[in-house]
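Chemist: Predicted model, plus sequence, below.
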Amino acid sequence: MTVEKYMDRWLESIRSNVRPGTFKPYEAIVRLHIKPTLGTVKLDKLNTMQLEKLYRQKLDAGLSARRVRYVHVTIRKALKDAVRLQLLSKNVADAAIPPRQRPRRILNRSRRTRCESCSTPLGATSWRPCTCWR
């Protein structure tokens, strides 16, 4: 059985068990990212290096690390179910390393941390900017 055939069967099997808002992204990821690149590979011949190559190709094509992680999560869940159904002996996605997400930087728009007139820390009072405000 190829990855493409298995992913089609997997999508049909989970359709009734997940919400439509969960199913729709799964279907899109399978259709747009997994089937075009790994669809012809035999399911039992799929390996970790192929998955990591897929992740690298998607990053190079301009997908964000977050989106590539969604691809990884989808493949991992599908292969977990294949192991449960005894179609595979192990989940090769467990060993694959998805790209890291960069932490978001919080921009500090104001360098001032204290009121200029009374030296109260800004944001220290509940609804007023500082204690000298009237």
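Modeler: Great, that's in hand.

Chemist: Output the below-cut-off pLDDT ranges for the chain.
Modeler: Low-confidence segments of the chain, defined by pLDDT under 70: 102-134.

Chemist: Just give me the longest helix of it.
Modeler: helix 65-84 (DSSP state H).

Chemist: could you pull out the helices for this protein?
Modeler: Taking DSSP H as the criterion, the chain contains helices spanning 3-15, 20-29, 35-38, 48-60, 65-84.

Chemist: Dump these into TSV; add mean neighbour count and distance to Asp94 as well.
Modeler: C-betas here are computed from N, CA, C, even on glycine. Shown next, in TSV, are the helices of the chain (neighbours: other CB atoms under 10 Å; distance: least, CB to CB, whole Å):
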stretch	mean neighbour count	distance to Asp94
helix 3-15	17	16
helix 20-29	13	18
helix 35-38	16	16
helix 48-60	16	9
helix 65-84	18	7
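
Chemist: can you redo the ones you listed as CSV with distance to Ile97?
Modeler: Formatted as CSV, the helices of the chain follow (distance: least, CB to CB, whole Å):
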stretch, distance to Ile97
helix 3-15, 19
helix 20-29, 18
helix 35-38, 17
helix 48-60, 6
helix 65-84, 9
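
Chemist: right, and these - which one's nearest Val92?
Modeler: The closest of these to Val92 is helix 48-60. By CB to CB, the value is 4.9 Å.

Chemist: Tell me the helices and strands packed up against the longest helix of the chain.
Modeler: Contacts defined by 3 or more CB pairs under 8 Å, 6 or more residues apart in numbering; DSSP states H and E place helix 65-84 against helix 3-15, helix 20-29, helix 48-60.
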